[in-house]
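> Okay, here's the prediction I keep looking at, along with the sequence it came from:
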Amino acid sequence: MRSETLIWAVVAAIFAFLFIPILVIVLYAFSAAPIPAWPIAGFALHWFADTWADQAVRQALVLSLKVAAVATIAAMILGTLASMAVARMQSAAKEVVSFIAVLPIALPGILTGMALAAYFAFWGINLSYWTIVAGHATFCVVIVYNNVVARLRRMPRSLTEASADLGADAFRTFRLIQLPMMASAIGAGALLAFALSFDEVIVTTFTAGAQNTLPLWIFGAIRLGQQLPEVNVVVFAIILFTAIPVLLAQKLIGESGKVAR
């Protein structure tokens, strides 16, 4: 009984360490004071209207959403194809290819950003919206790949073999058998990839050029020490935009497990 109480105490301490700072930032977004301070003197909602009226914030929000959406679509296609290719491999190279596929998510973001910036500079590619998308897609692909390849490992091979025995070609088997069983894993991976892309700042810093996503706007505002109330509102919005896809992905992952069983 004491060990169980100790475990729950440790878990509570870890959650408090992780989430109390986030809760404080959320409370600051509703603070009436122009400078964040504790305790909060009063609550107000006008900072939300002021933030939305800021054209730079709106442009950064739109760019973040567009980049995350396109990078997620690319990740869904490339991650699914890569996972299916690896799942079909039978040689010893399978583990090597799988390691290479997941390597981008393990590398520090600053290394990925520097490598991409050097690559674009070598080929004379100007930094733009599409270079941001390419940078985000490098790690978004891994998220989708991991989800789908795990699902394929639990998928009975007998189903695809039976489909082939009944005369279905590879595309028909994929459309009627594999895709429906992978759908929840693809969806969960896409939601997680979107959330990760939306709040990515390091890779964006090296691939954005003169364009600002929301994380870059926050970095610039904090560095200059201006618009701190708007920064708190934007941080609150990013938390929402990140938490909602993660919650939905968690639900889809649970449904994927039920399908496997």
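Noted; the coordinates are in hand.
> C-alpha only now, for contacts and for neighbours.
Will do.
> tell me the contacts of the spatially most central residue of the chain?
Against the mean C-alpha coordinate of the chain, by CA atoms, centre = their mean, the closest residue is Leu196 at 1.9 Å. By CA atoms under 8 Å, 6 or more residues apart in numbering, Leu196 lies in contact with Cys140, Thr242.
> could we number from 29 for the rest of this?
Taking 29 as the first residue, the last one we looked at is Leu224.
> Tell me which helix or strand it sits in.
Using DSSP states H and E, Leu224 falls within helix 207-226.
> mind listing what's buried in that helix?
Neighbour-count burial for helix 207-226, counted by 16 or more other CA atoms under 10 Å, picks out 209-210, 212-226.
> Repeat that for stretch 168-185.
Applying 16+ other CA under 10 Å to stretch 168-185 flags 168-177, 179-180, 183 as buried.
> same question, stretch 140-158
Residues Thr140, Gly141, Met142, Leu144, Ala145, Leu155, Tyr157 are the ones in stretch 140-158 that count as buried (16+ other CA under 10 Å).
> can I get those in a markdown table with pLDDT?
Formatted as a markdown table, the buried residues of stretch 140-158 follow (pLDDT from 0 to 100):
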| residue | pLDDT |
| --- | --- |
| Thr140 | 87 |
| Gly141 | 87 |
| Met142 | 88 |
| Leu144 | 90 |
| Ala145 | 89 |
| Leu155 | 87 |
| Tyr157 | 90 |
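> Mind picking the one among those that's closest to Gln118?
Distance from Gln118 was checked for each of those by CA to CA. The minimum falls on Thr140, at 30.2 Å.
> Might one say that that closest one is in contact with Pro132?
Yes. Here Thr140 lies in contact with Pro132, judged by CA atoms under 8 Å, at a distance of 7.4 Å.
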